[in-house]
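Novice: got a sequence here, can you build the structure:
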Amino acid sequence: MSDSDSKEPVFSEVMSPEEKEHTLKQVEHALMNHDLNRASMMVSRLQAGSEDIDNTLKNLQNRIQKAKSSAETLETSFTEGVRALEHNELETAAENFREILAMAPDHAKARELLQTTTRQQDKRDQISLNLDQAHDARCRGDYETARELCQDILNISSDHESAMQFLKDLEEWISRRRQAQILVAQGDKLFRLKDYSKAIKIWESISDIDPSFNEGRELIKQAELALCEEENSHQAESMLRKAQQYLDSGRYPAVIEILESFPDDVPSKLDASIMLRKAKDGLETHKLMESLANEIVICIENGQFREANARFSMMLDIDSNAPIIADIQTRLNNAESGPA
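Specialist: Okay, here's the model as predicted:
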């Protein structure tokens, strides 16, 4: 603006066309610079220096009125935006600053504060994401990742209370994890010694210290399986010993009854199968020997000593040590010698 433009002209009661044009330029200049007070003053002078109010003057008055209304709206929106930003109401603040820039794109302060608000929104969203991921990591027992995510939050906002509290709690969980790992080692030592019950008891205590430590539950499953196998093995050995006693005494049906319910998943299954086969063969032999003995008795009663001796020879071929042999031998001798 030149010196001549900045000086207010001295108007006569009725403006000349030149004075009127000069004043109109000053009004336009004031409106462009949002200097509404000066624009209003210039319009008032135009009114005072004009014999009538023409359309140009009316238009200027309307523009000034609209500009004042817009300025009030801008001021209200700006005040509300600043208040919202101060109270961390970022969405409200951003909405107000965008409204201002839609009405006044060259509003530098609103643009600056919108950028500030946007940066804070980005930080807030990143912090919220990191915090959610940190919680997920802690729940699955990945404490190191949870710690890194919280540290990233503090790098963004050094006084973030939730992150600081989370880190504090996390140190407690890390301490619990170390205790859990010590218990794992203790249980593992007992497991190698095949003291499965004590190992299970120790590993079960891990869940009270660190519920997210899944390894403890897997170890318990392994120990329970090993304990079950051990118990089955002991039961199988007991069954096998009892069956052997019955087999030695010739109680073949008892042997068969025991071994037909013998468990499959034990190391001594093959021994049981062999013993069962012996019992079944022994039972068949026993039945055959009894059948021959009955036939011999009938032959003796009928005086058929040759047939009786033939069957007795068959019995000797089958099992000369069978207890029934002695009884049949005595019967044959008595029958052949006749009455004394």
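Novice: quick one, domains of this structure?
Specialist: 1-106, 233-337 (automatic domain parsing).
Novice: want to throw these into TSV with mean neighbour count?
Specialist: In this view, the C-beta of every residue, glycine as well, is placed from N, C-alpha and C. As requested, the domains of the chain are exported to TSV (neighbours: other CB atoms under 10 Å):
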stretch	mean neighbour count
domain 1-106	15
domain 233-337	15
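Novice: let's have those domains in JSON lines, adding distance to K221 and mean pLDDT.
Specialist: JSON lines is the format used below for those (distance: least, CB to CB, whole Å; pLDDT from 0 to 100):
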{"stretch": "domain 1-106", "distance to K221": "50", "mean pLDDT": "70"}
{"stretch": "domain 233-337", "distance to K221": "17", "mean pLDDT": "90"}
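Novice: export those to a markdown table and append columns for distance to R147.
Specialist: As requested, the domains of the chain are arranged in a markdown table below (distance: least, CB to CB, whole Å):
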| stretch | distance to R147 |
| --- | --- |
| domain 1-106 | 27 |
| domain 233-337 | 45 |
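Novice: helix or strand for A326, which one?
Specialist: A326 is part of helix 323-337, with elements assigned from DSSP states H and E.
Novice: can you pull out the helices in the stretch 1-150 of the chain?
Specialist: Secondary structure of the stretch 1-150 of the chain (DSSP state H, counting those that start in this stretch): helices at 3-6, 17-32, 36-48, 55-86, 90-103, 108-139, 143-156.
Novice: got the ones you listed as JSON lines, with distance to L193 columns?
Specialist: Converted to JSON lines, the helices of the stretch 1-150 of the chain look like this (distance: least, CB to CB, whole Å):
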{"stretch": "helix 3-6", "distance to L193": "102"}
{"stretch": "helix 17-32", "distance to L193": "93"}
{"stretch": "helix 36-48", "distance to L193": "93"}
{"stretch": "helix 55-86", "distance to L193": "67"}
{"stretch": "helix 90-103", "distance to L193": "62"}
{"stretch": "helix 108-139", "distance to L193": "34"}
{"stretch": "helix 143-156", "distance to L193": "31"}
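Novice: picking that back up, got the CA coordinates for the helix holding A326 in CSV?
Specialist: What follows is helix 323-337, C-alpha atoms only, in CSV (Å, rounded to 0.1, in the frame of the first residue of the first chain):
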residue,chain,number,x,y,z
PRO,A,323,-0.3,-136.5,37.0
ILE,A,324,-3.0,-138.6,35.5
ILE,A,325,-0.4,-141.1,34.1
ALA,A,326,0.3,-142.6,37.6
ASP,A,327,-3.4,-143.2,38.2
ILE,A,328,-3.9,-145.0,34.9
GLN,A,329,-0.8,-147.0,35.3
THR,A,330,-2.0,-148.3,38.7
ARG,A,331,-5.4,-149.2,37.2
LEU,A,332,-3.8,-151.1,34.3
ASN,A,333,-1.5,-153.1,36.7
ASN,A,334,-4.4,-154.0,39.0
ALA,A,335,-6.6,-155.1,36.1
GLU,A,336,-3.9,-157.2,34.4
SER,A,337,-2.8,-159.0,37.6
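Novice: so the most centrally placed residue in the chain versus N214, what's the distance?
Specialist: Nearest to the mean C-alpha position of the chain, by CA atoms, centre = their mean, lies R140 at 5.4 Å. For R140, the distance to N214 equals 8 Å [CB to CB, to the nearest Å].
Novice: what of R38?
Specialist: Taken as CB to CB, the span from R38 to N214 is 76 Å.
Novice: got phi/psi on H107?
Specialist: phi -70, psi 90 (degrees, to the nearest 10).
Novice: how many neighbours does it have?
Specialist: A count of nearby residues for H107, using other CB atoms under 10 Å, gives 19.
Novice: grab the nearest non-local neighbour of it.
Specialist: I100 (5.2 Å; CB to CB, 6 or more residues apart in numbering).
Novice: what's the single longest helix in this structure?
Specialist: The helix that spans the most residues within the chain, counting by DSSP state H, is helix 214-248.
Novice: next SSE after that one?
Specialist: Next element after helix 214-248 (DSSP H and E): helix 252-259.
Novice: so which elements touch the following helix or strand past that next one?
Specialist: Following helix 252-259 in sequence order, the next helix or strand is helix 269-301 (DSSP H and E). Secondary-structure packing of helix 269-301 (3 or more CB pairs under 8 Å, 6 or more residues apart in numbering; DSSP states H and E): helix 214-248, helix 252-259, helix 305-319, helix 323-337.
Novice: distance from the chain centre to helix 269-301, please.
Specialist: Counting by CA atoms, centre = their mean, to the nearest Å, helix 269-301 is centred 64 Å from the centre of its parent chain.
Novice: and it with helix 252-259, angle?
Specialist: Computed by axes from the mean of the first three to the mean of the last three CA atoms, to 10 degrees, the angle separating helix 269-301 from helix 252-259 equals 160 degrees.
Novice: thank you, goodbye.
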